[in-house]
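A.B. asks: whatever this is, show me its structure:
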Amino acid sequence: MHASTTVGQPSPAIKSESPEAKDPLFYDGDSETDIEFFAHRGPAGPGMLVNLDPQIHRADIERFVQFGFDEQVNRLAIRSGFQVETVQDIYKQVTCFKRLKQVIKAMRASALDRAKAEIEAQEREDLYAQ
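C.D. replies: Below is the predicted model:
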């Protein structure tokens, strides 16, 4: 969320704009943009192949999957500004992680819009109090 400003113009305290434009929080891996973003991540760069060892024990797979899921939830919570517990509670009510990100995106936009409205109301209140 970047507000463009010019000299002499105040920047708005909160600018409500679509966060998916450049925010990897909302990438879901389904579009060319997402693939492009993730292809350039990591030290090996584009085309990095992961070779899974077929000797991984079944008992470990479940633990690794849970760890990866917990990490994704934690990252989503941090990037969105919501508590991990809130994100987890919402996940229990949706059908997949992609839907969770859509709900969190909507919640974030709604929270920013509400904050902007509250700030404007307070500024008007301050103006009339003078």
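A.B. asks: gap between Ala106 and Gln55?
C.D. replies: 43 Å (CB to CB, to the nearest Å). All C-beta atoms are positioned from the backbone trio N, CA, C, and that covers glycine.
A.B. asks: with Glu85 instead?
C.D. replies: 36 Å.
A.B. asks: neighbour-wise, which of the two wins?
C.D. replies: More crowded of Glu85 and Gln55, by other CB atoms under 10 Å: Glu85, with 10 against 5.
A.B. asks: element containing the spatially closest residue to Val94 that is not a sequence neighbour, please.
C.D. replies: Distance criterion CB to CB, 6 or more residues apart in numbering; nearest residue to Val94, sequence neighbours excluded, is Leu100 at 5.1 Å. In the assignment (DSSP states H and E), Leu100 maps to helix 97-129.
A.B. asks: pLDDT weak spots in this structure?
C.D. replies: 1-53 (pLDDT under 70).
A.B. asks: show me where it has its helices.
C.D. replies: Residue ranges of the helices in the chain, as given by DSSP state H, are 32-39, 58-80, 84-91, 97-129.
A.B. asks: just name the most buried of the ones you listed.
C.D. replies: helix 84-91 (a mean of 15; mean count of other CB atoms under 10 Å).
A.B. asks: show me what that helix is packed against.
C.D. replies: The contact analysis (3 or more CB pairs under 8 Å, 6 or more residues apart in numbering; DSSP states H and E) places helix 84-91 against helix 58-80, helix 97-129.
A.B. asks: with respect to Ile90, which of these lies nearest?
C.D. replies: Shortest distance between Ile90 and the helices and strands packed on helix 84-91, using CB to CB, is found for helix 97-129: 5.6 Å.
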